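Novice: Need a 3D model of the following:
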Amino acid sequence: MDGQEQLERVRERVIETIAKNMNLYGITDSIGRLYGMLYFHNHPMTLDEMKEELGMSKTSMSTSVRNLMDLKMVEKVWKKGSRKDLYQAEEDWYQTFIDFFSIKWRSGISMNIVVMTKSIGELEKLISMDEVDDEIRSAAIVDIEKMKAALSYYDWLNRLVDSFESEEIFKYIPKTKDE
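Specialist: Okay, here's the model as predicted:
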């Protein structure tokens with residue numbers, strides 16, 4: 001086996017592992033392979049080049065690239081003299097994680113806060129009504145307390161995401177052990 005074959009075999013093994021691990025974050029293996037392939041290319045690639053390399057349809061490739069761009073894992077780049085769109089992987093894995101984590105968690109946090117706040121308001125109206133029996137009023141009060149505890153958790157989670165976005169987290173957990 002020559003050096004080029006060995007290099008390709010090692011890269012393929014790492015790309016497959018990246019693809020499987022990205023599955024933990026709800027990203028399909030094929031999108032994970034695309035990211036891995038772009039990560040190891042030392043130059044931006046066109047959709048046609050990616051399609052040829054991975055054997056995916058152009059539509060599927062375009063959708064996959066768009067997904068990775070939405071997650072800030074791939075960016076469109078400009079190259080003088082090129083008329084086609086070029087893409088490259090974000091190589092800073094710390095930043096990739098921060099962006100991915102922030103995008104996903106902010107969305108979930110926001111949705112849960114809206115639902116909890118609305119539900120607390122509705123239950124507070126319910127318990128203030130004279131015709132509600134004591135059993136339902138008691139259950140509603142317990143539910144309100146549970147949702148307030150959940151809102152406290154979502155406040156903490158928002159602050160955790162803030163610490164990633166501001167990179168303050170690295171004060172407590174440095175990027176390398178010797179920092």
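Novice: list the buried ones in the longest helix anywhere in the chain?
Specialist: With DSSP state H setting the assignment, residue counts place helix 93-128 as the longest helix in the chain. By 16 or more other CB atoms under 10 Å, the buried positions in helix 93-128 come out as T96, I98, D99, F100, W105, I109, N112, I113, M116, I120, L123, L126. Glycine gets a C-beta too; all of them are placed from N, C-alpha and C.
Novice: Which neighbouring elements make contact with that helix?
Specialist: The criterion is 3 or more CB pairs under 8 Å, 6 or more residues apart in numbering; DSSP states H and E, and the helices and strands that helix 93-128 contacts are helix 134-165.
Novice: which regions of this protein sit below the pLDDT cut-off?
Specialist: Judged against pLDDT under 70, the low-scoring parts of the chain cover residues 179.
Novice: how distant is the longest helix of the chain from the center of its chain?
Specialist: In this view, helix 93-128 has its centroid 15 Å away from the chain centroid, taken as CA atoms, centre = their mean, to the nearest Å.
Novice: got the angle for it vs helix 134-165?
Specialist: Helix 93-128 runs at 160 degrees relative to helix 134-165, counting by axes from the mean of the first three to the mean of the last three CA atoms, to 10 degrees.
Novice: want to try CSV for the buried residues of helix 93-128, with distance to L71 as columns?
Specialist: Formatted as CSV, these follow (distance: CB to CB, whole Å):
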residue, distance to L71
T96, 8
I98, 11
D99, 7
F100, 5
W105, 13
I109, 17
N112, 21
I113, 22
M116, 26
I120, 32
L123, 36
L126, 40
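Novice: Mind picking the two most distant members of these?
Specialist: Farthest-apart pair in those is T96 and L126; separation 45.1 Å (CB to CB).
Novice: Quick one: residues contacting the residue lying closest to E167 once chain neighbours are set aside.
Specialist: Spatial nearest neighbour of E167, excluding adjacent residues (CB to CB, 6 or more residues apart in numbering): I98 at 7.5 Å. Neighbour list for I98: F164, E165, E167 [criterion: CB atoms under 8 Å, 6 or more residues apart in numbering].
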